[in-house]
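Student: pasting a predicted model and its sequence here:
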Amino acid sequence: MGYLSCKAESSVLTSPHPPPPPPPIKIQQFQYTDLEAATDGFSEQKLLGKGSHRSVYKAVLRGGRPVAVKKPSHLSHNSHEFDNEIDVLSKIHSPRLVNLLGFTNESLDDQHQRLLVVEFMCNGTLYDSLHLNPRPPSWGRRMRFALQTAKAIDTLHSSNPPVIHRDIKSANVLLDKNLNARLGDFGLALRCHHDNVRLRSTPPAGTIGYLDPGYVTPENLCTRTDVFSFGILLLEIISGRKAIDVSHSPPSIVDWAIPLIRRGKLSGIYDPRIAPPKDASFRKQLAVMAAKCVRSSSERRPSMKDVVEGLTLLAKSVPVNAWNGFSIAMTNPCIVAEDAVGGRPVECGSAKLSSRSSRRVYSDLGVGGRSNLMDLLAEADGDCESLSIQPSALRLGRNHSVRGNSSNSMIRHGRLYSKEF
Ligand SMILES: Nc1ncnc2c1ncn2[C@@H]1O[C@H](COP(=O)(O)OP(=O)(O)OP(=O)(O)O)[C@@H](O)[C@H]1O
């Protein structure tokens, strides 16, 4: 299936009543010197992370909005990826993506200074969560990460023209302040005009371990190329194993997991660090979904829409409060505030949860009316209304009442206390 089939795959292109055009996306042109100042001259203290091509810094804009500023590691490098990211992201905006806010494009001292400004994601990457976090995420959380990432890819594939990301991997899935998974890094993404000359002349690219083995010439590229990479990501989420891990034999996650799934030895692929999902049919369906995504024939892989549908059904059977803790990305001083007493960092954001869900969290944690705030913040994501935890209370480390209908609750030293529990 070549890239030309992207046209047929998108019902948007053939619909007799195309949807109304979305409102124009506002992309700002920044001054290089403003961003230089906002990142303290691209200082190490503001560094959020480094990729193979660029460094990413935290900056706070004049209105107080935190953003991530992407700076190429070498001035001459990457201008193609820079233009490409602007080209793709200036036409798509979605709560499932790390959206583009603006860029710089000016010459200073005879050098072309290029920076990208994107939404700031304060909870690190899915890679960190799965492989570096000492408390790995629960099945409820993993299902949400998988489903949200699948929805992000489906958003790209359903846009007009379809966009193929080409670099789906856990390091490119970032977690926002509500611990929602957002897809980022569009340097390799391609917009799929069927007559696009660039598409036909762009050599295959991606990350080893995630790359579709059938994608060997530009003609092989199709939306199912991303589905393969998503299948690897799903195996990673299921097993907690990296896409390629040379300390294992075989090192490739596909070569290891697929024979086990074929032989029905499913318990062998579920992450040994946490108890496997209780429901055997759930375990099977999730593993089979991953196996379908990594089929060698791209035609036999499901579409991203099929994957979203399948995962949505499966996710309903795993309660999100099947939670076993979450404390990722807590080492970066750009991201956290200090808990005044224990010295333990807590997220510097706010969360809302209903008193019902708070009670549930508490009984799950079973810690006698007291819990770590981070667990509550993570648990609260998505299903909450009435109780608001004030981040200023955390920063100051003072006793603060929690507002809302849980008036008996309060935060002390970064911990939440409540008589209701
Ligand atoms: N929006 C963001 N908010 C917070 N941190 C970010 C953001 N974007 C990137 N980072 C951090 O910076 C790191 C490098 O970013 P990015 O993946 O964009 O660089 P890259 O050079 O394109 O990477 P690659 O090696 O995949 O080509 C990420 O792993 C992440 O830790």
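Tutor: That came in fine, so what should we check first?
Student: so which residue of the protein comes closest to the ligand?
Tutor: Evaluated by CB to the nearest ligand atom, the chain has residue 51 as its residue closest to the ligand, separated by 2.1 Å. Just so you know, the C-beta spots here come from the backbone N, C-alpha and C atoms, and that holds for glycine as well.
Student: out of everything not next to it in sequence, what's closest to that residue?
Tutor: With sequence-adjacent residues excluded and distances taken as CB to CB, 6 or more residues apart in numbering, residue 51 is closest to residue 185, at 7.5 Å.
Student: and for the one you found, the neighbour number?
Tutor: By other CB atoms under 10 Å, 24 other residues sit near residue 185.
Student: just checking, it touches residue 53?
Tutor: No. Counting by CB atoms under 8 Å, residue 185 does not reach residue 53; the two are 9.8 Å apart.
Student: extract the CA atoms of the longest helix along the chain and return them as PDB.
Tutor: Among the segments of the chain that qualify as a helix by DSSP state H, the longest is helix 139-158. What follows is helix 139-158, C-alpha atoms only, in PDB (Å, rounded to 0.1, in the frame of the first residue of the first chain):
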ATOM      1  CA  TRP A 139      -3.200  -0.600  34.000                       C
ATOM      2  CA  GLY A 140      -5.800   2.200  34.200                       C
ATOM      3  CA  ARG A 141      -3.200   4.800  33.500                       C
ATOM      4  CA  ARG A 142      -1.500   2.700  30.800                       C
ATOM      5  CA  MET A 143      -4.800   2.300  28.900                       C
ATOM      6  CA  ARG A 144      -5.400   6.000  29.000                       C
ATOM      7  CA  PHE A 145      -1.900   6.600  27.600                       C
ATOM      8  CA  ALA A 146      -2.400   4.100  24.900                       C
ATOM      9  CA  LEU A 147      -5.900   5.400  24.000                       C
ATOM     10  CA  GLN A 148      -4.900   9.100  24.000                       C
ATOM     11  CA  THR A 149      -1.800   8.400  21.800                       C
ATOM     12  CA  ALA A 150      -4.000   6.400  19.400                       C
ATOM     13  CA  LYS A 151      -6.500   9.300  19.300                       C
ATOM     14  CA  ALA A 152      -3.600  11.700  18.500                       C
ATOM     15  CA  ILE A 153      -2.400   9.600  15.600                       C
ATOM     16  CA  ASP A 154      -6.000   9.100  14.400                       C
ATOM     17  CA  THR A 155      -6.400  12.900  14.400                       C
ATOM     18  CA  LEU A 156      -3.400  13.200  12.100                       C
ATOM     19  CA  HIS A 157      -4.500  10.400   9.800                       C
ATOM     20  CA  SER A 158      -8.100  11.900   9.600                       C
END
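Student: which strands or helices does that helix pack on?
Tutor: strand 163-164, strand 173-175, strand 181-183, helix 223-239, helix 304-316 (3 or more CB pairs under 8 Å, 6 or more residues apart in numbering; DSSP states H and E).
Student: for it, what is the average pLDDT?
Tutor: Computed over helix 139-158, the mean pLDDT rounds to 97.
Student: output the below-cut-off pLDDT ranges for the stretch 101-250 of the chain.
Tutor: 107-112, 194-196 (pLDDT under 70).
Student: 90 instead?
Tutor: Low-confidence segments of the stretch 101-250 of the chain (pLDDT under 90): 105-114, 191-203, 205, 216, 218-220.
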